[in-house]
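**Q** Structure for the following, please:
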Amino acid sequence: MREQVRRKYARAALGVRSEGCCGSGGLETNFACGSYAPEEIGELPEEAVGASLGCGNPVALATLSPGEVVLDLGSGGGIDVLLSARRVSPGGKAYGVDMTDEMLALARENLRKSGLENAEFLRGEIENLPLPDEHVDVVLSNCVINLSTDKPKVFSEAYRVLKPGGRFAVSDVVFLGSRAELPEPVREKVELWTGCIAGALERAEYEQLLAKAGFGEVSVEVQNVYDPQAVEGLEGPEEVEALRKVPVASAFIRARKPAREEASDAGE
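**A** Numbers count the residues shown, from 1 in each chain. As a prediction, this is how the structure comes out:
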């Protein structure tokens, strides 16, 4: 499954120059472009905007401040890293982590074109982040965590690299019902995994797994409910109707790693 995801996003990176804004229009791109204000993306390289394959704008969600250190999980072509780097300047830094060489090459080229000097793209997997403990103030991600087959490890790693009091601010896809009610063919299709659907968590699952990883102040705020007829990979009216009964939505997910004094109080 990981290799299927890697191949899809490698193709997206290589094809971005010919496909225009936000790729080819799959489910994960339905709301991406509209999530960014024109003034936000107006000064970014065209290819950074073209490679946006997310489902929201986690940079706006995170309310970044100068001097903060930011990490974007699954940074793709770099749009959220570049936007973050602008917001945390002066004194701050933005990292992006991605497992796809083609996306990393695209992101680094976009960084060069942007002229920004406070951003860096690292090769790695979001289940095993190449950063030390308590290194960042904010963890972002944009429609990537749902692609992981080990989400508890992702949340554990995000918690590890966050400083005490650090923030988790993610745009992702969630089910607004029981995933178990979906027919197995819909749940297991590779096309739906790589298109950000079948790997999505239920809303309550997201909350529970973040809390289990140690996070507090967890919230899942639904933004857009997807029209099943717009979902790539579905075959026939039965599969479309299945996703009507168990809707899929993009959501803003927020959480916070407790400050040291809070953790101490909880242990007493």
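**Q** max-length strand in the protein?
**A** Longest strand in the chain, counting residues (DSSP state E): strand 162-175.
**Q** What is it packed up against?
**A** Packing partners of strand 162-175 (3 or more CB pairs under 8 Å, 6 or more residues apart in numbering; DSSP states H and E): helix 58-62, strand 136-142, strand 201-202, helix 203-213, strand 216-225, strand 248-256, helix 260-267. Where you see a C-beta, it was placed from the backbone N, CA and C, and this is true even at glycine.
**Q** wait, which of those is closest to residue 160?
**A** Nearest to residue 160, of all the helices and strands packed on strand 162-175, is helix 203-213, at 9.2 Å by CB to CB.
**Q** isn't residue 200 right up against residue 182?
**A** No. Counting by CB atoms under 8 Å, residue 200 does not reach residue 182; the two are 10.6 Å apart.
**Q** So for these two, which sits in the more crowded spot?
**A** More crowded of residue 200 and residue 182, by other CB atoms under 10 Å: residue 200, with 25 against 21.
**Q** returning to what we had before: can I get the helix or strand that the longest strand of the chain is followed by in PDB? Just the C-alpha atoms.
**A** Following strand 162-175 in sequence order, the next helix or strand is helix 184-188 (DSSP states H and E). Only the C-alpha atoms of helix 184-188 are listed here, as PDB (Å, rounded to 0.1, in the frame of the first residue of the first chain):
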ATOM      1  CA  GLU A 184     -15.500  -4.500   1.900                       C
ATOM      2  CA  PRO A 185     -14.700  -3.700  -1.700                       C
ATOM      3  CA  VAL A 186     -15.100   0.000  -1.000                       C
ATOM      4  CA  ARG A 187     -13.000  -0.200   2.100                       C
ATOM      5  CA  GLU A 188     -10.100  -2.100   0.500                       C
END
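**Q** residue boundaries of the helices in the stretch 1-150 of the chain?
**A** Using DSSP state H, counting those that start in this stretch, the helices found in the stretch 1-150 of the chain span residues 2-19, 38-41, 46-50, 58-62, 79-88, 101-114.
**Q** worst average pLDDT in these?
**A** Per-stretch mean pLDDT for the helices of the stretch 1-150 of the chain is lowest at helix 2-19 (a mean of 54).
**Q** Show me what counts as buried in stretch 101-113.
**A** Using 16 or more other CB atoms under 10 Å as the test for burial, stretch 101-113 gives 102-104, 106-107, 110-111.
**Q** start to end distance for stretch 43-63?
**A** The first and final residues of stretch 43-63 sit 20 Å from each other (CA to CA, to the nearest Å).
**Q** Kindly apply the preceding question to stretch 114-122 instead.
**A** Start-to-end, stretch 114-122 (CA to CA) is 17 Å.
**Q** And it, what's buried?
**A** Within stretch 114-122, the residues scored as buried using 16+ other CB under 10 Å are 114, 116, 118-119, 121.
**Q** go on, stretch 245-263?
**A** For stretch 245-263, the buried set under the neighbour-count rule, 16+ other CB under 10 Å, comprises 246, 248-258.
**Q** isn't residue 177 right up against residue 247?
**A** Yes. The pair residue 177 and residue 247 qualifies as a contact (CB under 8 Å) at a distance of 6.4 Å.
**Q** In strands, which of the buried residues of stretch 114-122 appear?
**A** 119, 121.
**Q** Columns distance to residue 157 on top of the buried residues of stretch 114-122, output as a markdown table?
**A** Output for the buried residues of stretch 114-122, formatted as a markdown table (distance: CB to CB, whole Å):
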| residue | distance to residue 157 |
| --- | --- |
| 114 | 27 |
| 116 | 25 |
| 118 | 23 |
| 119 | 20 |
| 121 | 17 |
